[in-house]
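Visitor: next come a sequence and a model predicted from it.
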Amino acid sequence: SVVADVATAAGAKRIHELLAKATLLMTNLPPSHLAGDLSLAQLRAKYPSLVIVHLSPWGLTGPETPVGDVCSWYASSGLASLLTGSPPSDPPAIFANLGEGIASCWLLAA
């Protein structure tokens, strides 16, 4: 496991060191977090053989893109309404990003 703060020069340098040896980059960071030489377009140009997979419940563009957190996805999908008790109780605690977690497992299996 690697921790790198992409907002710092040292973190971005570390990411590039890893990508120079990588065959796959899988990310769920919002597009705004992947800017400059870490933008998806720049990464595709610099590492043409790198397979880049971006997981997002909202896509890379559009009005909902900046939202992107798991709680807003559960609420807007309607799933949160199914997770309440009967009679309706407080909203449930959601501890994981289920959609992206399952999707990433399938991508790794492929």
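Guide: Ah, there it is.
Visitor: for this protein, what are the low-confidence residue spans?
Guide: Counting by pLDDT under 70, the chain contains low-confidence ranges at 1, 57-59, 62-75, 79-100.
Visitor: that one: helices as residue ranges?
Guide: 9-19, 40-46, 70-77, 79-82, 98-109 (DSSP state H).
Visitor: buried residues in the first one?
Guide: Of the residues in helix 9-19, those scored as buried under the neighbour-count criterion (16 or more other C-beta atoms under 10 Å) are 12, 14, 15, 19. Using the backbone N, CA and C atoms, a C-beta is placed for each residue, glycine as well.
Visitor: what helices or strands is that helix leaning on?
Guide: helix 40-46 (3 or more C-beta pairs under 8 Å, 6 or more residues apart in numbering; DSSP states H and E).
Visitor: got the contact list for the helix it packs on?
Guide: Contacts with helix 40-46, where a contact means C-beta atoms under 8 Å, 6 or more residues apart in numbering, come from 16, 19, 25, 31, 34, 36, 37, 50, 52, 54, 60.
Visitor: try stretch 3-11
Guide: Residues contacting stretch 3-11 (C-beta under 8 Å, 6+ apart): 12, 14, 15, 18, 29, 33, 34, 38.
Visitor: which pair in those has the greatest spatial separation?
Guide: With C-beta to C-beta as the measure, no two of the contacts of stretch 3-11 lie farther apart than 18 and 33, at 16.5 Å.
Visitor: residues near the spatially closest residue to residue 27 that is not a sequence neighbour, how many?
Guide: Among residues not flanking residue 27 along the chain, residue 54 sits closest, at 5.7 Å (C-beta to C-beta, 6 or more residues apart in numbering). Each residue near residue 54 was counted by other C-beta atoms under 10 Å, and the total is 15.
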